[in-house]
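Peer 1: pasting the structure only:
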Ligand SMILES: [Cu+2]
């Protein structure tokens, strides 16, 4: 698994340069921390024994008892992780995330494909090949804890997709889709919590609010709108269960976490198909680089299956070998990403309670049932406000 040299090289190069940057930040911040009063985790555990100065520093670096969603910048997971924390009874949180995923070039298995090979009659023989795709999401979120055991959450996504193509004759064209995506609602159930670790179960349901009838024009559609292929649709069309588990740990100056989520599709949508189930697992560590700033490194693994059934509106394109994206059996794959993040939190003043965060990542390796577009860059920017 994960043996493709070119993709691995590319990912390694980009992750190495980011690691160097991250390391430089870390070294800088460690030096500035070391120049200050030594920070002892014992001082915060036994507040009566600390000097006033070490206490005030400890208080900045440690939340009060039970204050997991308090002032520490790494009290929240990297911004690309959803449903990472629960709230105490009566707390509210609002959030906005901008997420983008760019895909560039195609793979089959671990092998990079030349676009000419996909349209060549001696190659895969499709009339058209996707060249690249940009998926952008604006997502509003809200959390509310009716009790210490349960936190309710809702996420409303707005999607914009664009895909560029080239046909066998060399003509290039783009298609677009935009609109509301699948709204997720659900809850987080606390399992346990002590001074250093806590865990909760994730129970989300994805509602079929995103369109599965997105249309656009193509050179073949003679000026008419035509049904777009599966990856350009805005929703699954089915109710999807998203059970999961999240474990978090925090120590003096650093923290870690892990989360596993399954996406289980139910039934069949109104276009006679069901997207494949998927599994996502991720783990991260974060260090406090400064009073209000934490830096994180995260690994994320995803596996997703082929589509069951087929959209009858795409049957003609499938039979005509028009483009690989209309084939429900060329959708599955798995991917390992590395991501680097930054959380900033305002601890005082008029911005108190606001958090800004950024996370950017690249695949280390991907294995695709192709021809299928390969992921290039993942980016999440986010704002969170605790009330
Ligand atoms: Cu929250």
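Peer 2: On my side now, so go ahead. The model shown is predicted, which means the values in this text are computed figures rather than measured ones. Numbering: from 1, shown residues only.

Peer 1: Could you use CA atoms for every contact and neighbour count after this?
Peer 2: Fine.

Peer 1: For residue 366, which non-adjacent residue is closest in space?
Peer 2: Spatial nearest neighbour of residue 366, chain neighbours left out: residue 335 (4.1 Å); criterion: Cα to Cα, 6 or more residues apart in numbering.

Peer 1: dump the residue contacts of that neighbour.
Peer 2: Each residue near residue 335 by Cα atoms under 8 Å, 6 or more residues apart in numbering is listed here: 301, 302, 303, 363, 364, 365, 366, 367.

Peer 1: so residue 166, which of the three states?
Peer 2: Using DSSP: H, G, I helix; E, B strand; the rest coil, the structure places residue 166 in strand.

Peer 1: hang on, the earlier thing: redo the contacts of residue 335 as CSV? Include secondary structure.
Peer 2: Converted to CSV, the contacts of residue 335 look like this (three-state DSSP):
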residue, secondary structure
301, strand
302, strand
303, strand
363, strand
364, strand
365, strand
366, strand
367, strand
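
Peer 1: When you filter these down to buried only, what's left?
Peer 2: Among the contacts of residue 335, the ones that count as buried by 16 or more other Cα atoms under 10 Å are 301, 302, 303, 363, 364, 365, 366, 367.

Peer 1: Could you pull out the buried residues of stretch 272-281?
Peer 2: Under 16+ other Cα under 10 Å, the buried positions of stretch 272-281 are 273, 274, 275, 276, 277, 278, 279, 280, 281.

Peer 1: what does stretch 97-115 give?
Peer 2: Neighbour count says stretch 97-115 has 97-113, 115 buried, by 16+ other Cα under 10 Å.

Peer 1: and that stretch, average pLDDT?
Peer 2: Averaged across stretch 97-115, pLDDT comes to 94.

Peer 1: Would you mind listing the two of the buried ones among the contacts of residue 335 that lie farthest apart?
Peer 2: 303 and 364 (14.1 Å; Cα to Cα).

Peer 1: Secondary structure element for the residue nearest to residue 176 when sequence neighbours are not counted, which one?
Peer 2: Closest residue to residue 176 apart from its sequence neighbours, by Cα to Cα, 6+ apart: residue 162 at 4.5 Å. Counting by DSSP states H and E, the element that carries residue 162 is strand 150-167.

Peer 1: Direction included, what does the next helix or strand after that strand pair against?
Peer 2: Under the assignment DSSP H and E, the closest C-terminal helix or strand after strand 150-167 is strand 172-180. Each strand paired with strand 172-180, and its direction, by DSSP bridges: strand 150-167 (antiparallel).

Peer 1: Having no further points to raise, I will conclude here.
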